[in-house]
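Novice: Here is the input, now give the coordinates:
(chains A and B)
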Amino acid sequence: MIKLFGYAMDIGEQMLISGAEVHRVEESINRMCQAIGAVRVDVFIITSSMVVTIHTNDGNTYTQTRRVTNINFDFQKLHCLNDLSREICEKGLTAQEIEKKLAEVKEGKRFPLWVEVICYAVIAGAFTLFFGGNTIEALISLFIGTVVRICLFFSEKIISNKIFNKFFATVIITLSAFLAVKFSWIDNVDKVIIGNIMTLIPGIGLTNAIRDLFTGDSIAGLLRSIEAVLTALAIAAGYFLVTVLGGVLL
Amino acid sequence: MTQAEIIQILAGFVGSIGFGMLFNIRGRRLFMASIGGLLSWALFVLFSKCIPSEPVVYFIISCLISTYAEIMARLLKTPTTTFITTSLIPLIPGGSLYYTMVHAFQGDLNTFLPKAIYTMQLASALALGVIVSTTFARVFNKVVNRKRNKT
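Specialist: Here you go, the predicted structure:
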């Protein structure tokens, strides 16, 4: 029973990490705990922490907490976890079965780095066109996107702070865009920068934050909004730094 | 539709595929999620011609796309977030948020405030649209379940 409870927590934790909404995780944990025989389940989840207490038939109560540090969108993993939690509710798997499946899900593959590099490049190019850039601007965006992902790969190894990494990436983007103008390949930096910044900007974060606030997960929503604002500030700071220094040097 | 609009719609589609792959969506789910991205901007181009207020257009499209996401999630048996997040990518107020922060750092309140309010309007419209259709989907589910239990 306690072991199964632990696994339910693990599944919830992994769901939260792979980008599920707070509401969904709470619901899944609730269902799983009821399926393994809890009479009452109290779930409290915010984006960075989970607290769950269950009451059992024989009058015992158990509480477990999990600290969640970084959220990394991975919808393939979320899909598998969702299936797993559904199976637990419907079929009632044994501890060994859950352990095996959970290990499989945790190991789940992601796209290799070179695919991500291409994704960054294509996103940057596509959104430069989207916001009204011409073909040359899109090609330059494509190139900068490639450089940014490779730089991020190294900076993420050294520094784990996500917001600082975004600041660093913005500096690279803005610097390259200004250099492209300097060599008069393009006339205006705006479209190239916006295209590239789409991969960094917390637009999704902001929308999700407001969604959490509306659904009633106020604390999770507030935490997410603050994170979105800070990220936006870091990006603006990176842009500003290069613009000011570039005005002096170039 | 002008040529520029078609390029925009296709670019939004390609951008959605890119984000979908970054989010590690695979196979049929990736395809359907990106189609959502294509739909969302095509609808925007269509609706913004008859409705003058952009936030209102955002709200309507967000409702429609989330409904699409709910249906796809049922069909392909996966969490709805997968489709909502990817399909709304072209509508995400990234550009607007960027200009807001640039104005903030330039310290020009006259350009910063309207832009900031506008960004919040767009993001809220998107979020509200998602909530409206999620709520409807829940009600719908309850009704269906109740009918099933009766028979």
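Novice: for the nearest residue to residue B:26 once chain neighbours are set aside, what are its contacts?
Specialist: Among residues not flanking residue B:26 along the chain, residue A:76 sits closest, at 5.5 Å (Cβ to Cβ, 6 or more residues apart in numbering or on different chains). Any C-beta I mention is one placed from the backbone N, CA and C, and that applies to glycine too. Contacts for residue A:76 (Cβ atoms under 8 Å, 6 or more residues apart in numbering or on different chains) come out as A:108, A:110, B:24, B:25, B:26.
Novice: how about JSON lines for these, with neighbour count and secondary structure added?
Specialist: Shown next, in JSON lines, are these (neighbours: other Cβ atoms under 10 Å in any protein chain shown; DSSP: H, G, I helix; E, B strand; the rest coil):
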{"residue": "A:108", "neighbour count": "15", "secondary structure": "coil"}
{"residue": "A:110", "neighbour count": "14", "secondary structure": "coil"}
{"residue": "B:24", "neighbour count": "23", "secondary structure": "coil"}
{"residue": "B:25", "neighbour count": "27", "secondary structure": "coil"}
{"residue": "B:26", "neighbour count": "14", "secondary structure": "coil"}
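Novice: count of neighbours near residue B:32?
Specialist: 23 (other Cβ atoms under 10 Å in any protein chain shown).
Novice: how far away is it from residue A:131?
Specialist: 25 Å (Cβ to Cβ, to the nearest Å).
Novice: Three-state assignment for the residue nearest to residue A:106 when sequence neighbours are not counted, please.
Specialist: Of all residues not flanking residue A:106 in the chain, residue A:14 sits nearest, at 6.8 Å (Cβ to Cβ, 6+ apart). Following DSSP: H, G, I helix; E, B strand; the rest coil, residue A:14 is assigned to helix.
Novice: which residues does residue A:222 contact?
Specialist: With Cβ under 8 Å, 6+ apart, residue A:222 has these contacts: A:209, A:213.
Novice: List the buried residues in the helix or strand encompassing it.
Specialist: Using DSSP states H and E, residue A:222 sits in helix A:218-249. Residues A:219-221, A:223-225, A:227-229, A:231-242, A:246 are the ones in helix A:218-249 that count as buried (16 or more other Cβ atoms under 10 Å in any protein chain shown).
Novice: restrict the residues you listed to those near chain B?
Specialist: Near chain B, judged by Cβ under 8 Å from any Cβ of the partner chain, the entries from the buried residues of helix A:218-249 are A:232, A:233, A:235, A:236, A:237, A:239, A:240.
Novice: So the second one sits against residue B:101, correct?
Specialist: Going back to what we said before, that points to residue A:233. Yes: the pair residue A:233 / residue B:101 is scored as a contact, 6.6 Å apart, by Cβ atoms under 8 Å.
Novice: Run through who's touching stretch B:69-76.
Specialist: Under Cβ under 8 Å, 6+ apart, the answer for stretch B:69-76 is B:28-29, B:32-33, B:36, B:79-80, B:82-84, B:87, B:133-134, B:137.
Novice: Tell me who's in contact with the most centrally placed residue in chain B.
Specialist: Centroid-nearest residue in chain B, with Cα atoms, centre = their mean: residue B:88, separated by 2.6 Å. Neighbour list for residue B:88: A:207, B:36, B:37, B:40, B:62, B:65, B:126, B:130 [criterion: Cβ under 8 Å, 6+ apart].
Novice: redo that, cut-off 7 Å
Specialist: B:40, B:62, B:65, B:126 (Cβ atoms under 7 Å, 6 or more residues apart in numbering or on different chains).
Novice: confidence score at it?
Specialist: Residue B:88 carries a pLDDT value of 89.
Novice: Check whether the worst-scoring helix or strand of chain B on mean pLDDT comes near chain A.
Specialist: Using mean pLDDT, DSSP states H and E, helix B:94-106 stands out as the lowest-scoring helix or strand of chain B, at a mean of 79. Yes: using Cβ under 7 Å from any Cβ of the partner chain, we find that helix B:94-106 touches chain A at B:94, B:95, B:97, B:98, B:101, B:102, B:104, B:105.
Novice: where do the strands sit along chain A?
Specialist: A:38-46, A:49-56, A:61-67 (DSSP state E).
Novice: and the direction of the first one versus that of helix A:218-249, what angle?
Specialist: Right, the one you point to is strand A:38-46. Following axes from the mean of the first three to the mean of the last three Cα atoms, to 10 degrees, one obtains 20 degrees for the angle between strand A:38-46 and helix A:218-249.
Novice: do the same with the last one
Specialist: Angle, strand A:61-67 to helix A:218-249, by the same axes, to 10 degrees: 10 degrees.
Novice: same check, this time on the second one
Specialist: Put simply, strand A:49-56 runs at 170 degrees to helix A:218-249, going by the same axes, to 10 degrees.
Novice: Need the residues that contact strand A:49-56.
Specialist: Counting by Cβ under 7 Å, 6+ apart, A:1, A:5, A:9, A:12-13, A:16, A:29, A:33, A:37-44, A:61-68 sit against strand A:49-56.
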